[in-house]
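**Q** Everything below, folded, please.
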Amino acid sequence: MTLVPLPPQPSGTPWPTAEWPEGAPPAAVALDGLLDQVCDDSGPLATTFAVVVVHQGRVIAERYQGRLEHFDRPPEPVTAQTPLLSWSMAKSMLHAVVGMLVGDGHLDIDAPAAVPEWAAAGDPRHAITLGHLLAMRDGLAFVEDYVDERVSDVIEMLFGTGQADVAHFAADRPLAAPPGERFNYSSGTSNIISSVVARVVGPGRSYERFLRERLFAPLGMHSATPELDAAGTWVASSYLRATARDFARFGLLYLRDGVWDGTRLLPQGWVDHGRTMQSFDPEDGPYGAHWWGVEGDTLGTFRASGYEGQSISLCPPLDLMVVRLGKTPAAHSPDLARWRGDVVRAFSAGSLEPR
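**A** Numbers count the residues shown, from 1 in each chain. Reported below is the predicted structural model:
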């Protein structure tokens, strides 16, 4: 598979470590109508809390609306300063963290994953590598169902008996297929990876410190707040809160090939590892290593994706990023996918010269 080259930061455009540089949309791109569509609460995309469009390194459009409901305090109006939940976009951030440890020489994606539950002599799960886990091809029996509690492993892991130690809950699953043989999207898999990270950097506060010092602080993601379980493992399948602009900072790191303001934060080739598609899911399309591709897209667009339509979409040849945070019902996921595609097509067809 030939990957589309990743664009460098345009000359003269400041890096958004402190403040995002801003600009205007290309004159030929009818962006307002697309933003009206995604922000129409009465339409099929339902609730959008925040959308940020970044083109050539500059924020060219953003909107915030709605209110976050809380069980213990009044509803909170959504603004540019509101931290919003990542859901599974956190998985793509975990990919970055693993890459840093690979670059440091602490992890090897081709070696068996260091998981205590699989250490016994003769345990077939010992053959599962970190690479298998990152590609969701570990072979573990795990049901990723968000509706039926009777069969769902992810609901039991996050909200039931597994929530105190999410990685142990997931690692305790038996094999359903030989490692590497099949694709099975699993939040449990991500939490197993997160526990591998925790055993390298230390659990609890040590893990949080690593995230802040190595990822969040260099990018200026000051709002980013990971949630850890009682065992001290970041629940990297699902739980990180940040503002929409801070999610965009993370997206820009990947759009810029892991380089930030002249400093390489991710190993050479690590972004390519994430965006090289290895599997195909009938419902959600191509999958790489904790990053999704886009079925039918010829521009190399890839994205971090989460429950209810959270997304950071990156289109390298257009130097375009779209962050969308909200609550779209699963039945309307295809509508949201079409909307993301419409944004890319609008920029692809329109003039890319700014006003």
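
**Q** how about stretch 12-29: buried residues?
**A** Neighbour-count burial for stretch 12-29, counted by 16 or more other Cβ atoms under 10 Å, picks out 15-16, 20, 23, 25-26, 29. Every residue, glycine included, has its C-beta placed from N, CA and C.

**Q** Distance-wise, check the residue nearest to residue 318 when sequence neighbours are not counted relative to residue 85.
**A** In this structure, residue 318 finds its nearest non-sequential neighbour in residue 347, 4.9 Å apart by Cβ to Cβ, 6 or more residues apart in numbering. Taken as Cβ to Cβ, to the nearest Å, the spacing of residue 347 relative to residue 85 amounts to 28 Å.

**Q** what does residue 57 give?
**A** Taken as Cβ to Cβ, the span from residue 57 to residue 85 is 26 Å.

**Q** When the two are compared, which one has more neighbours?
**A** A direct count of neighbours by other Cβ atoms under 10 Å for residue 57 and residue 85 places residue 57 higher, at 22 against 19.

**Q** Hmm, residue 252 and the more buried one touching each other?
**A** Yes: the criterion here is Cβ atoms under 8 Å, and residue 57 meets it with residue 252 at 7.2 Å.

**Q** okay, and the common contacts of these two?
**A** The contact sets of residue 57 and residue 252 overlap at residue 16 (Cβ atoms under 8 Å, 6 or more residues apart in numbering).

**Q** Would you mind measuring from the closest residue to residue 283 other than its chain neighbours to residue 238?
**A** Closest residue to residue 283 apart from its sequence neighbours, by Cβ to Cβ, 6+ apart: residue 333 at 7.9 Å. Taking Cβ to Cβ as the measure, residue 333 and residue 238 are separated by 17 Å.

**Q** Going by how many neighbours each has, rank these two and give me the top one.
**A** Between residue 333 and residue 238, residue 238 has the larger neighbour count (other Cβ under 10 Å), namely 22 against 16.

**Q** Tell me the pLDDT of the more buried one.
**A** Looking at residue 238, its pLDDT is 98.

**Q** Please, which helix or strand holds it?
**A** Counting by DSSP states H and E, there is no helix or strand that carries residue 238.
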